[in-house]
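Chemist: Dropping a prediction and its sequence here:
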Amino acid sequence: MRAIVLEGPRRAVLRDVPEPRRAVGEVLIAVQRAGICGSDVAVFRGDRPVEHPLVMGHEAVGRIADPGESEHTPGSRVVIEPNIPCRRCDVCRRGHGNVCPSKRSLGMNWPGVFADLIAVPSEFAHPLPDRIRLEDAVGIEPLAVAWHAVAAAQVTEGSRVALIGCGAEGLLLVQALVACGARVVAADLRAERLALARQLGAESTVHVSPGTRASVDARLVAPVVFEAAGAAAALELALNAAAPGGRIVALGLGASTANLMPLDFVRRGLTLIGSLIYDHPTDFQAAIDMVHRGDIQPAALVSQVIDKLEALPAMLSSLAAHDTDGKTVVDIRGQA
Ligand SMILES: [Zn+2]
Ligand SMILES: [Zn+2]
């Protein structure tokens with residue numbers, strides 16, 4: 001089968017690789033659409049260490065090619081939950097499979113979805129209701145990430161919320177927060193992203209400059225602040241923007257050190273939460289339900305569609321070279 005294999009930093013190539021073998025309890029899926037995530041770009045660049053060669057990609061929808069012993073039917077549509085906790089370790093037993101140190105992560109430490117076929121445990125292939133369009137379905141995985149963070153923040157109807165970082169994940173957060181009835185002020189370095197945030201329902205936006213970390217714009221002060229930019233400076237800004245007694249939920253995977261002054265943090269009685277991916281299977285199910293009800297349309301932030309797998313290496317190079325706005329998706333089979 002065809003797959004996009006990363007052979008080293010910035011060396012992604014289309015290769016013929018053996019088809020995955022379906023283990024007991026697994027289903028085989030023919031991938032239809034895949035999304036490119038910021039973390040795929042980090043892996044491509046070499047900013048996030050992985051073992052090479054690696055079949056990339058983790059956001060995907062497809063059709064069941066071989067249901068094995070499961071209740072899935074051949075040809076039915078599924079969305080893939082690409083992080084598979086071991087369910088045996090102490091962390092998993094405490095209910096934190098999302099941060100299981102032995103989890104299998106497709107496209108990170110396990111063959112990924114930028115391929116014709118993928119095998120996953122049957123319960124990690126979620127049936128897709130007919131009404132959900134492929135364009136929206138491919139956004140369900142990152143939406144589950146956003147939903148996990150919203151739940152961690154305990155956002156309710158009318159909550160005032162600030163969001164730092166309006167990349168694709170941040171924009172999905174805007175949608176999830178607006179769907180919960182929160183009032184969102186969104187901040188980013190790029191005006192184009194702020195325009196998208198407003199289109200998706202943010203009440204107001206703040207155009208920050210790289211030096212904003214210390215002096216917080218008063219409009220950003222809120223009891224709940226999300227950091228979705230993945231930069232140390234953004235986390236510092238989020239810490240400063242939180243109102244006394246507030247919560248900061250960090251999703252960004254910035255790899256440099258952020259400053260936190262204990263005197264300031266403790267005196268303001270802040271809570272800092274790291275929110276990684278999602279809980280199996282609840283957050284995924286919640287994301288599917290939200291899209292099914294029409295509360296959220298992840299397709300609204302798709303800015304580019306590549307119509308064939310062959311074009312993916314060049315697209316990864318281009319995404320690694322300069323910031324884009326919105327989300328890029330790939331039509332793996334070159335058909336609608
Ligand atoms: Zn992702
Ligand atoms: Zn585990």
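Modeler: Arrived safely, thanks for sending. Ligands and ions are numbered 1, 2, ... in the order given.
Chemist: separation between the residue sitting nearest the centre point of the chain and residue 134?
Modeler: Taking C-alpha atoms, centre = their mean as the criterion, residue 142 is the residue nearest the geometric centre of the chain, at 3.1 Å. The spacing between residue 142 and residue 134, counted by C-beta to C-beta, to the nearest Å, is 15 Å. C-beta here means a position set from N, CA and C on the backbone, and glycine is covered the same way.
Chemist: try residue 149
Modeler: 25 Å.
Chemist: quick one: secondary structure of whatever residue of the stretch 101-250 of the chain ends up closest to ligand 2?
Modeler: Distances between the stretch 101-250 of the chain and ligand 2 by C-beta to the ion are smallest at residue 102, namely 5.0 Å. Classification of residue 102 using DSSP: H, G, I helix; E, B strand; the rest coil returns coil.
Chemist: which one of residue 149 and residue 134 has more residues nearby?
Modeler: Counted by other C-beta atoms under 10 Å, residue 149 and residue 134 do not tie: residue 149 has more neighbours, with 28 against 17.
Chemist: In terms of helices and strands, where is that one?
Modeler: helix 140-153 (DSSP states H and E).
Chemist: what is the rounded mean pLDDT of that helix?
Modeler: Computed over helix 140-153, the mean pLDDT rounds to 97.
Chemist: mind checking how far the next helix or strand after it is from the chain centre?
Modeler: Once helix 140-153 ends, the next helix or strand along the chain (criterion: DSSP H and E) is strand 160-164. Remark: strand 160-164 is offset 18 Å from the chain centroid, using C-alpha atoms, centre = their mean, to the nearest Å.
Chemist: Next, the angle helix 140-153 makes with strand 160-164.
Modeler: 130 degrees (axes from the mean of the first three to the mean of the last three C-alpha atoms, to 10 degrees).
Chemist: who touches strand 160-164?
Modeler: 153, 155, 170, 173-174, 177, 182-188, 197, 202, 208, 220-229, 234, 237-238, 241 (C-beta atoms under 8 Å, 6 or more residues apart in numbering).
Chemist: Quick check: next helix or strand after that strand?
Modeler: helix 168-179.
Chemist: can you give me the helices in the stretch 151-300 of the chain?
Modeler: With helices called from DSSP state H, counting those that start in this stretch, the stretch 151-300 of the chain shows them at 168-179, 191-199, 232-241, 262-267, 282-293.
Chemist: quick one: the residue of the stretch 101-250 of the chain closest to ligand 2 and residue 86 touch, right?
Modeler: Yes. If you go by C-beta atoms under 8 Å, residue 102 and residue 86 touch, sitting 4.1 Å apart.
Chemist: and the spatially closest residue to residue 171 that is not a sequence neighbour, how many neighbours?
Modeler: The shortest distance from residue 171 to any non-neighbouring residue, by C-beta to C-beta, 6 or more residues apart in numbering, is to residue 301 (4.7 Å). Neighbour count for residue 301, taken as other C-beta under 10 Å: 25.
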